[in-house]
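# coords please:
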Amino acid sequence: MIYDCQDADVREAALDAALYSLKRGGVVVLPTDTVYGIGADAFDPHAVARLLTTKGRGRQMPPPVLIAESAVMDALATEISEPARALAEAFWPGPLTLILPAQPQLTWDLGETRGTVALRVPDDELSRDLLRRTGPLAVSSANRSGLPPAVSAMEAEEYFGFAVPVYLDGGSRTTLEPSTIVDACVAPLTVVRSGAVPLERLREVVPDIEDGPAAP
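Predicted coordinates for the structure are as follows:
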């Protein structure tokens, strides 16, 4: 079901419905500041597996994790360098994803992460409202693998249909540009996917950041 969250009278009921679905191991579609995403409880391995299956994606492409506030980063990641913290302070909330060493005691299974976690705080108030209620969510772009990401809740519903019970409609997005991904597990930090935050802006904060090969 698509919930028009631009209607204040619908928004709270929509967030409650999304929370209910997520806590029962389901998936939901939500807007971000780039494109629409499909999300699941990051700490529920069965829910994450359902997310990957719904997209038609394997464990070798684990989803990033969205968080409501940058302060949550320390609960999920370790060995966070000062340059990584500087980027988070400068560009969160926003379209920047940081790959960091995952806290080893966390009991989650996002796929073949090799001990890392990709974190982002989206610059979208609706998605952050949901994240404040749910905690960290594993979120990937709302599309079947190999197809363009959805820029509206209606497009996402065309991809997934009844496989997703709740669609949060926060209005159409105007760009397909994804978040920039930076590997913060290495020194110097390295851009592994170009995106909405250009290299020049990153270098204003971390001058020695490298532009690595494009990620698939």
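# got the residue ranges for the strands in the protein?
2-4, 28-31, 36-41, 65-66, 96-101, 116-120, 137-141, 166-169, 180-183, 190-193, 210-211 (DSSP state E).
# residues in contact with P178?
T34, V35, P95, S141, P149, R193, G195, A196 (CB atoms under 8 Å, 6 or more residues apart in numbering). (Glycine included, C-beta is placed from N, CA and C.)
# Could you rerun that using 7 Å?
T34, R193, G195, A196 (CB atoms under 7 Å, 6 or more residues apart in numbering).
# Point out the one among the strands of the chain that comes closest to S81.
Closest to S81 of the strands of the chain, according to CB to CB: strand 96-101, at 8.9 Å.
# what is the rounded mean pLDDT of that closest one?
If you average the pLDDT over strand 96-101, you get 97.
# Is it correct that D109 is in contact with H46?
No. Here D109 lies out of contact with H46, judged by CB atoms under 7 Å, at a distance of 9.3 Å.
# the more surrounded of those two?
Set D109 next to H46 and count neighbours by other CB atoms under 10 Å: D109 wins out with 17 against 11.
# Give me the distance between that one and A68.
Per CB to CB, to the nearest Å, D109 is found 22 Å from A68.
# returning to that earlier point: just send the strands of the chain back as CSV, with mean neighbour count and distance to I80 too.
Formatted as CSV, the strands of the chain follow (neighbours: other CB atoms under 10 Å; distance: least, CB to CB, whole Å):
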stretch, mean neighbour count, distance to I80
strand 2-4, 17, 36
strand 28-31, 28, 26
strand 36-41, 28, 23
strand 65-66, 27, 14
strand 96-101, 24, 6
strand 116-120, 24, 10
strand 137-141, 26, 20
strand 166-169, 25, 30
strand 180-183, 25, 12
strand 190-193, 19, 16
strand 210-211, 14, 18
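# May I see the ones you listed organised as TSV, with distance to E158 added?
Putting the strands of the chain into TSV (distance: least, CB to CB, whole Å) gives the following:
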stretch	distance to E158
strand 2-4	11
strand 28-31	11
strand 36-41	11
strand 65-66	23
strand 96-101	26
strand 116-120	25
strand 137-141	14
strand 166-169	11
strand 180-183	27
strand 190-193	26
strand 210-211	35
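# mind checking which of the ones you listed is nearest Y20?
The closest of the strands of the chain to Y20 is strand 166-169. By CB to CB, the value is 8.2 Å.
# Can you tell me the strand partners of that closest one and which way each runs?
Counting by DSSP bridges, the strands paired with strand 166-169 are strand 2-4 (parallel), strand 28-31 (parallel).
# To V206, which of those strands lies closest?
Checked against CB to CB, the stretch from the strands paired with strand 166-169 lying closest is strand 28-31, at 28.8 Å.
# quick one: contacts of that closest one?
Applying CB under 7 Å, 6+ apart, the external contacts of strand 28-31 come out as 18, 21-22, 36-39, 124, 126-127, 130, 142, 153, 156, 164, 166-168, 170, 173.
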